[in-house]
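Undergrad: sequence? don't have it. structure:
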């Protein structure tokens with residue numbers, strides 16, 4: 001039996017026994033999404049990993065900052081790869097670039113930091 005029609009003044013009081021009565025959501029109200037519409041991809045984590053990886057590889061002369069930014073690039077890249085493998089994102093390549101460039105930035109920054117401490121002043 002379908003619910004009664006809604007009047008122009010508003011829904012009014014819902015009769016007892018209909019879904020959505022007394023604050024209880026009906027099954028159609030729980031998800032709040034249209035059926036058949038695919039979920040939106042969340043590519044932001046992979047892009048963030050790639051940007052942080054590029055930044056750490058470029059600014060390796062600022063070796064303490066490059067190491068921290070490189071670690072963040074690896075972390076965000078790994079999270080982005082995990083999301084891509086689950087189908088929540090469509091950019092596994094960008095996330096992989098974040099991992100690779102983050103590791104490169106860490107290695108370059110650590111190498112320059114080690115070299116800076118080895119040179120006598």
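TA: Okay, I see it. Keep in mind it's a predicted model, so treat the numbers as computed, not measured.
Undergrad: show me the contacts for residue 88.
TA: 39, 41-42 (C-beta atoms under 8 Å, 6 or more residues apart in numbering). For every residue, glycine as well, the C-beta is placed using N, CA and C.
Undergrad: Tell me the secondary structure at it.
TA: coil (DSSP: H, G, I helix; E, B strand; the rest coil).
Undergrad: Which helix or which strand is home to the residue nearest the centre of the chain?
TA: In the chain, the residue lying closest to the centroid (C-alpha atoms, centre = their mean) is residue 45, at 3.8 Å. Assigned by DSSP states H and E, residue 45 belongs to helix 44-58.
Undergrad: For the protein, which segments are assigned as helices?
TA: 27-31, 44-58, 63-86, 92-118 (DSSP state H).
Undergrad: hey, least reliable of the ones you listed by pLDDT?
TA: Sorting the helices of the chain by mean pLDDT places helix 27-31 lowest, at a mean of 52.
Undergrad: and residue 48, how many neighbours does it have?
TA: 20 (other C-beta atoms under 10 Å).
Undergrad: In this structure it contacts residue 74, no?
TA: No. Counting by C-beta atoms under 8 Å, residue 48 sits too far from residue 74 to count as a contact (11.8 Å).
Undergrad: Any chance you could list residues touching both of the two?
TA: Among the neighbours of residue 48, those also in contact with residue 74 (C-beta under 8 Å, 6+ apart) are residue 98.
Undergrad: Include neighbour count, pLDDT and distance to residue 61 when you put the contacts of residue 88 into a markdown table, please.
TA: Converted to a markdown table, these look like this (neighbours: other C-beta atoms under 10 Å; pLDDT from 0 to 100; distance: C-beta to C-beta, whole Å):
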| residue | neighbour count | pLDDT | distance to residue 61 |
| --- | --- | --- | --- |
| 39 | 8 | 70 | 42 |
| 41 | 14 | 76 | 36 |
| 42 | 14 | 86 | 33 |
